[in-house]
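**Student:** Sequence and predicted model, in that order:
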Amino acid sequence: MSKVMHGRCLCGDIEFQAIVPKKEYYACHCNMCQKWSSGLHFSVIAEELNLRAHENLQTFRSSESAERGFCRRCGSSVLYRNDKSNLLVVNLGLFDQRQDFMIVTELFIDQGLCSLDGGHNRLSEKDMEMRDL
């Protein structure tokens with residue numbers, strides 16, 4: 001069951017409501033996410049994202065099919081959007097009630113600097129290619 005969740009960037013200039021299908025998050029170890037967040041990037045899939053003060057959202061085309069968004073005032077990483085797959089994810093750390101989320105999958109574990117404990121899925125770059133994610 002989808003739920004409306006609220007959040008904001010570090011300075012508060014970008015506030016949002018996200019429709020989240022499940023209170024689950026993903027930890028990505030890919031090289032781009034490491035550069036974007038200085039380590040693991042924790043993200044939540046959003047079905048819809050309504051931004052307030054979206055003029056402060058700066059986007060950067062990080063690949064042919066994807067863009068990343070951040071607050072131009074405080075630099076908080078906000079979102080990742082893939083045009084090809086229609087995937088939209090929001091930075092877990094921005095949600096007001098992030099403690100309720102559970103990890104489901106670590107992505108690109110073969111590129112990672114560390115790993116998280118738990119019985120969740122762990123996918124390598126090759127696993128990701130096979131799933132066409």
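**Tutor:** Thanks, I have the structure now. Numbers count the residues shown, from 1 in each chain.

**Student:** Is it correct that Lys23 is in contact with Gln99?
**Tutor:** No: if you go by C-beta atoms under 8 Å, Lys23 and Gln99 don't touch, sitting 9.9 Å apart. Placement of C-beta: from N, CA and C, glycine included.

**Student:** between those two, which one's more packed in?
**Tutor:** Neighbours of Lys23 and Gln99, each counted by other C-beta atoms under 10 Å, are more numerous for Lys23; the result is 16 against 7.

**Student:** would you list every one of the helices in the protein?
**Tutor:** 31-37, 125-131 (DSSP state H).

**Student:** Could you dump the ones you listed into JSON lines with mean pLDDT added?
**Tutor:** Converted to JSON lines, the helices of the chain look like this (pLDDT from 0 to 100):
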{"stretch": "helix 31-37", "mean pLDDT": "76"}
{"stretch": "helix 125-131", "mean pLDDT": "75"}
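
**Student:** Least confident secondary structure element in the chain?
**Tutor:** One helix or strand of the chain scores below all others by mean pLDDT, DSSP states H and E: strand 121-123, with a mean of 72.
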